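Novice: Just a sequence and a predicted model for now, questions to come.
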Amino acid sequence: MSEESKDDLNEKLGQLRSEHRDLDDILTRMSDDHSINDLQLKRMKKRKLYLKDAITRLETELLPDMRA
């Protein structure tokens, strides 16, 4: 993998982590508010899970091949 490609993946990883953190903060604050729409809350939780999966995939791509 080229350095430019690694840099692009690292940048994307940083963006995903930031969005995941932001959603976590929002969901924490929303959990105390009982007037929140359940559908909206579920969508945000699904988005957070999607981000976590995407972060894991990128981290795996960035790890050096252990068979080498």
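Specialist: It's in. Numbers count the residues shown, from 1 in each chain.
Novice: in stretch 45-55, what's buried?
Specialist: Using 16 or more other C-beta atoms under 10 Å as the test for burial, stretch 45-55 gives Lys48, Leu51, Ala54, Ile55. Glycine gets a C-beta too; all of them are placed from N, C-alpha and C.
Novice: what's the next secondary structure element after whichever strand or helix holds Glu11?
Specialist: Following DSSP states H and E, the helix or strand that holds Glu11 is helix 3-30. Helices and strands here follow DSSP H and E; after helix 3-30, the next one along the chain is helix 38-62.
Novice: by contact count, what packs against that following helix?
Specialist: Contact analysis of helix 38-62 by 3 or more C-beta pairs under 8 Å, 6 or more residues apart in numbering; DSSP states H and E lists helix 3-30 as its packing neighbours.
Novice: so the helix it packs on versus helix 38-62, what angle?
Specialist: Interaxial angle, helix 3-30 versus helix 38-62 (axes from the mean of the first three to the mean of the last three C-alpha atoms, to 10 degrees): 150 degrees.
Novice: Make residue 1 into 25 and carry on from there
Specialist: Will do, 25 is the new start, and the previous item becomes helix 27-54.
Novice: Which parts of helix 27-54 count as buried, going by neighbours?
Specialist: Leu37, Leu40, Arg41, His44, Leu47.
Novice: Look up how far His58 lies from the residue nearest the centre of the chain.
Specialist: To find the centre residue of the chain, average its C-alpha atoms and take the closest one (C-alpha atoms, centre = their mean): that gives Leu75, at 2.9 Å. Separation of Leu75 from His58 (C-beta to C-beta, to the nearest Å) stands at 26 Å.
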